[in-house]
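3D, please:
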Amino acid sequence: MQSNIEPLISQIINEVRQHIIVEENSAYILDPQYGIVRNRVNAEICKTLVRMGEHSMAEKIITSLINHQNNDGSWNEIHPHYNQPSALITSFAGDALLSAYDICPAEMPLRMARDYILSREVKPGSFLKSSQYTADHLNVDASCGAFLAHYGAKFSDDCSLEAAERAALWVCGHQIGGIYPYAIDKGTYPQTLDVPCIHYQAVTMYYLLKINEFLESETIKESLLKGAEWLSSVQRSDGQFDWSRSGLMFAYYLGGAPAFAYSSFLGVASWDRQYLKNAELSLNLLKKNINGLILRWEPDSMASLVPSIFTTLKTVQIGDYPYNHRIFNFGYGMYRQWARRRFSDTIDDRLFHFLCKSLHIQASTVEPSKNYPDMFMTSEILDCLSYSMEKGAV
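Below you'll find the model as predicted:
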């Protein structure tokens, strides 16, 4: 299975290469749909290039990342309508600097990133994502912990390793029946998003595995095995996921889910080899979702649109929400069901903006009415695949 990854990574990287802008000694990836430069995309692509041995371009992207680091050590999370310092994005950018450290040492920017993330620990193991999104997101805690574990191991920094352990134990301590809820308190959201989510289940597992690479904790291992059991329970024999059991509407059918699931199942398979089959199914599903770049959402045919109504009706029963919020979720879910079955190489966001204006919704991301090749999703799956490639077969 692992032998299939490197050609796939090369195929996708060749597509990404068309969107790399080189300026003297620096380089960055320009989003072909939105015309923005995302620090997260640069970080994930950089890590992939390092793992593929393309050090010259990786070094140029590192230079660009360092140039965009804020004075307080953070990097901004950048979306079409949102641009703010974020501990989450700082963890990804910092991890990219760590991955490229042997070819491009950046000790001071790394120290600043480490200090910033530690300053965002608002409770033991709980990290504030940003000033606008203040809920406790378990995937954010795991991501910050993964950077701190990597940093702590690299520089023999006990303070970072201890914070990474706190993050992991916090995440594991809030696992319910194998599920890592998306958020465990309300924060600035209208409702508490303490619901299961297939995409973020796999994301949280992925970063917990990265923490455990350095901590080798039995507690984390047991939690990950429980997480894998739940994730496998929502995967069908053809590799498709049962999204009726995933209650986070803005992550509904996200195209990156099979990549995070692949890496997570593969990591857990080192303890229980039954999950190799789930990893293989996830990889096969991912391949169907690649159209140059990866599609934003898992595609499907119009013939299955009517049955998807019943899937979405099941989905909106998840969570303890008032009736009007369930109605909103159903509308959101059906909009996604419709959009993921229609395809375009360009963004058409007029309907989304009309709906936002009509319903008085503020959104940092854009939800076009058609599925499209997405650089953001592509960078995430490249990190997952190249990380698994680097770690080798189980």
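
all contacts plus neighbour counts: C-alpha atoms, from now on.
OK.

Name all residues that make contact with H150.
95, 98, 211, 214 (C-alpha atoms under 8 Å, 6 or more residues apart in numbering).

quick one: it from C159, how far?
Counting by C-alpha to C-alpha, to the nearest Å, the gap from H150 to C159 is 12 Å.

looking at the protein, which helix or strand is least sure?
helix 350-359 (a mean of 64; mean pLDDT, DSSP states H and E).

Sketch out the low-pLDDT regions of this protein for me.
Residue ranges of the chain with pLDDT under 70: 1-3, 348-349, 351-366, 393-394.

would you list every one of the strands in it?
For the chain, the strands defined by DSSP state E cover 20-23, 26-29, 75-79, 82-86, 121-123, 126-127, 290-291, 293-294.

R342: which of those strands is closest?
strand 290-291 (13.5 Å; C-alpha to C-alpha).

Which strands or helices does the closest one pack on?
Contacting strand 290-291 under the criterion 3 or more C-alpha pairs under 8 Å, 6 or more residues apart in numbering; DSSP states H and E is no other helix or strand.

Sheet partners, orientation included, of it?
Strand 290-291 pairs in its sheet with strand 293-294 (antiparallel), by DSSP bridges.

can you list the residues that contact the strand it pairs with?
Contacts for strand 293-294 (C-alpha under 8 Å, 6+ apart): 12, 15-16, 255-256, 373-375, 377-378.

Recalculate using a threshold of 6 Å.
Residues outside strand 293-294 that contact it (C-alpha atoms under 6 Å, 6 or more residues apart in numbering): 373-374, 378.

Likewise for stretch 227-246?
178-179, 196-198, 281-282, 311, 314-315.

May I see the buried residues of it?
227-232, 234-235, 239-246 (16 or more other C-alpha atoms under 10 Å).

So which of the residues you listed sit within helices?
Cross-referencing these against helices under DSSP state H gives 227-232.

could you redo those as JSON lines and give each row distance to K154?
Putting these into JSON lines (distance: C-alpha to C-alpha, whole Å) gives the following:
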{"residue": "G227", "distance to K154": "28"}
{"residue": "A228", "distance to K154": "28"}
{"residue": "E229", "distance to K154": "32"}
{"residue": "W230", "distance to K154": "33"}
{"residue": "L231", "distance to K154": "32"}
{"residue": "S232", "distance to K154": "33"}
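
tell me which of the contacts of stretch 227-246 is nearest to C104?
S282 (34.0 Å).

Could you pull up the contacting residues of the closest one?
239, 258, 262.

Hmm, the last one is touching A279, no?
The one in question is Y262. Yes - between Y262 and A279 a contact is recorded at 4.4 Å, counting by C-alpha atoms under 6 Å.

that older thread, ok, the contacts of strand 293-294 vs E59, which is closest?
T378 (20.2 Å).

distance of the closest one from N14?
12 Å.

Please produce TSV containing the contacts of H150, extended by neighbour count and distance to L30.
TSV is the format used below for the contacts of H150 (neighbours: other C-alpha atoms under 10 Å; distance: C-alpha to C-alpha, whole Å):
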residue	neighbour count	distance to L30
D95	26	21
L98	20	23
I211	27	30
F214	18	33
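
Please narrow those residues to those residing in helices.
Using DSSP H, the contacts of H150 in helices are 95, 98, 211, 214.

Columns distance to W338 on top of these, output as CSV?
CSV is the format used below for the ones in helices among the contacts of H150 (distance: C-alpha to C-alpha, whole Å):
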residue, distance to W338
D95, 37
L98, 41
I211, 38
F214, 43
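
Helices along the stretch 1-150 of the chain, start to end?
Assigned by DSSP state H, counting those that start in this stretch, the stretch 1-150 of the chain shows helices spanning 5-17, 39-51, 55-67, 87-99, 107-119, 138-155.

Out of the strands of the chain, which is the most enclosed?
Most buried of these by mean neighbour count (mean count of other C-alpha atoms under 10 Å) is strand 126-127; its value is a mean of 26.

Let me see the residues that make contact with that one.
By C-alpha under 6 Å, 6+ apart, strand 126-127 touches 120-121, 141.

Closest one of the residues you listed to P299?
Nearest to P299 among the contacts of strand 126-127, with distances taken as C-alpha to C-alpha, is D141, at 30.3 Å.
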